[in-house]
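Chemist: Below is the sequence, then the predicted model.
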Amino acid sequence: MIVLLLFTLIALAIAHSPSSLSTSQTLRLKQTRDICSRKVHCILNKEAMEGPFYVPHPLIRTNITEDRPGIPLSLEITVLNAKNCSVVPNAFVDIWHADAMGEYSGWATGSLLSSTSHLTARGTPIESSHWLRGVQATDDSGVARFNTVWPGWYRGRSTHIHLRIHSGNVTLSHGVFLGGERVAHTGQLFFADELVTEVSKTREPYVSRRKTLLPRMNGDDGIFVGSDGGDQIVDVQADEDVFHGSVTVGIDPESDHHESPMRPPHFGRPGRSPWRDFLAAVFGALIVVAVWALAKLFLRWRQARSGYSAVQLSDDDGAYSLTKPR
Ligand SMILES: *[C@@H]1O[C@H](CO)[C@@H](O)[C@H](O)[C@H]1NC(C)=O
Ligand SMILES: *[C@@H]1O[C@H](CO)[C@@H](O)[C@H](O)[C@H]1NC(C)=O
Ligand SMILES: *[C@@H]1O[C@H](CO)[C@@H](O)[C@H](O)[C@H]1NC(C)=O
C-alpha cells in the first residue's frame, strides 16, 4: 500500500509540477510612459486561452451586431507595442463573443454550452452564422473600432470578449480575413463586476438571461485570474442608449503564438514537455500493474489462510461439503 501511494504521488508530481519558465514567459513589462503628452498604462498584457469557439476567416467589418439583441456597445481597442510603448497601426484585431443569451455563432444550439463538449479543443462550427464576430485593422493611432452589443455570459465564465491580434502581412479576400503572418496576441477582455450585475438586473434581454443563470464574477473565473484579467477590463461609459468601451492591449508585434486554442499560447500556463507526459504514462502503467499484483497477492493470502481450495462434491450421499486439501 505504501509503495502504491508513493507511485501515485510521484506520478502526480510529474504530471502537475510546472515546467521551468523560459525568459519569454517571465518577460513582463509594467510601466507607465508618456506618449504624445498623455499618460498611457503600457504593459505587455498576459495571454488567455483562445477557447474552442474561434471560427477562422472572419468578416472584415466594424459592425458585428447583425440581428443580435442587446445594449449597443461601441468598442475601441488600442494596440500598443509593449517594447517601446508606441501604437501599432495596421494590426488586425479579431474579436468574437457570446450574445446576450450566452451563445456563440457557429455553435448556437442552446444545449452545447451546458455540456462538456465546449471544453475540448477547437472544433468545427456546426452552422454557418457569424454574428458577433469580425476583424478590423488598427488605424494610424493604433485603434480598431467595433459596433456590437453588450456580451452575455455562460456557465463557468465571467462576461468576456475574445480577441486575437494578427501582425505582419495578412491575406484578405473579398471582405474576408484569410489569415495573418503572426498571431501576436490571444487574449480576453473583461468587464467590471458591478456593471455586469447592474445590466443583468435592469436591462433586457439580460434580465431574462439572469433568470436561467446568474452572471459569474471575475474573481470566480479561473481564466480571468490566470491571465491577470484586471489589466484587461474594458473602461465603459454607460449611457442610457449605448455603452462606449475602450481598452488598451499591450503586445509584442514581433512574437507569434500560433498554438493550441485551449492553452494560453505563450505566457501563463506553459506547455508540458513530451518526456514528462511519457514518464507520467509509465508511472500510470506501473500503478495499474502494482494494483493488479497486490490484489492477486491478497487473494492468494486469503486462500492460504482459509486452507480450502474449492467446494467439491462429496462421494456417496450427493451433499456438498468443503474439502480441505492435504
Ligand atoms: C449595427 O447593425 C445593426 C443591424 O445589423 C443596426 O441595428 C445598428 O444600428 C448598427 N449599429 C451602428 C452603430 O451602426
Ligand atoms: C517601436 O518599435 C517598432 C518596431 O517593433 C517600430 O516600428 C516603431 O517605430 C518603434 N517606435 C518608437 C517610438 O521607437
Ligand atoms: C510582407 O509584405 C512585404 C511588402 O509587401 C514583402 O516585402 C514581404 O516579403 C512580405 N513578407 C512575407 C513573409 O510575405
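Modeler: Structure's in. What do you need? Here the structure is a predicted model, which is why all the values come from computation and not from measurement. Ligands and ions are numbered 1, 2, ... in the order given.

Chemist: quick one: low-confidence ranges for the stretch 1-150 of the chain?
Modeler: Along the stretch 1-150 of the chain, segments meeting pLDDT under 70 span 1-41, 108-126.

Chemist: So which residues on it come close to ligand 2?
Modeler: Contact residues, the stretch 1-150 of the chain versus ligand 2 (Cβ under 6 Å from any ligand atom): N81, N84, S86. Every residue, glycine included, has its C-beta placed from N, CA and C.

Chemist: wait, is the second one part of a helix?
Modeler: No: the assignment for N84, made by DSSP: H, G, I helix; E, B strand; the rest coil, is coil rather than a helix.

Chemist: Now V282: which helix or strand?
Modeler: Secondary structure from DSSP states H and E places V282 in helix 274-306.

Chemist: Which elements pack onto that helix?
Modeler: Packing partners of helix 274-306 (3 or more Cβ pairs under 8 Å, 6 or more residues apart in numbering; DSSP states H and E): helix 2-16.

Chemist: Okay, helices next: where are they in this protein?
Modeler: 2-16, 23-26, 193-202, 206-212, 222-226, 274-306 (DSSP state H).

Chemist: Compare those helices and say which comes out lowest on pLDDT.
Modeler: The minimum mean pLDDT among those belongs to helix 23-26 (a mean of 29).

Chemist: and the stretch 51-200 of the chain, which residues reach ligand 1?
Modeler: Near ligand 1, when you scan the stretch 51-200 of the chain using Cβ under 6 Å from any ligand atom, you find N63, T65, E66, N147.

Chemist: one more time with 8 Å
Modeler: T62, N63, T65, E66, D67, P72, S74, N147 (Cβ under 8 Å from any ligand atom).

Chemist: Give me the buried subset of those.
Modeler: Buried subset of these (neighbour count, 16 or more other Cβ atoms under 10 Å): T65, E66, S74.

Chemist: and the first one, what does it touch?
Modeler: Yep, that's T65 we're talking about. Neighbour list for T65: P72, W131, L132, N147, T148, V149 [criterion: Cβ atoms under 8 Å, 6 or more residues apart in numbering].

Chemist: at 6 Å instead, please
Modeler: Neighbouring residues of T65 by Cβ atoms under 6 Å, 6 or more residues apart in numbering: T148, V149.

Chemist: if we can go back for a sec, find out how far the helix holding V282 is from the centre of the chain, if you would.
Modeler: From the chain centre to the centre of helix 274-306 is a distance of 36 Å (Cα atoms, centre = their mean, to the nearest Å).

Chemist: Could you list the buried residues of it?
Modeler: Buried-residue list, helix 274-306, by 16+ other Cβ under 10 Å: A280, F283, I287, A290.

Chemist: Of these, just say which sits nearest to ligand 2.
Modeler: A280 (39.8 Å; Cβ to the nearest ligand atom).

Chemist: what's the neighbour count on P151?
Modeler: P151: 25 surrounding residues under other Cβ atoms under 10 Å.

Chemist: This protein: strands as residue ranges?
Modeler: With DSSP state E, the ranges of strands along the chain come out as 30-35, 38-43, 72-81, 86-87, 92-96, 133-137, 143-149, 160-173, 176-190, 235-238, 243-251, 310-313, 320-323.

Chemist: ok, the residue in the stretch 201-326 of the chain that ligand 1 sits nearest to to N147 distance?
Modeler: Proximity of the stretch 201-326 of the chain to ligand 1 (Cβ to the nearest ligand atom) peaks at V242, 7.9 Å away. For V242, the distance to N147 equals 9 Å [Cβ to Cβ, to the nearest Å].

Chemist: Many thanks, have a good one.
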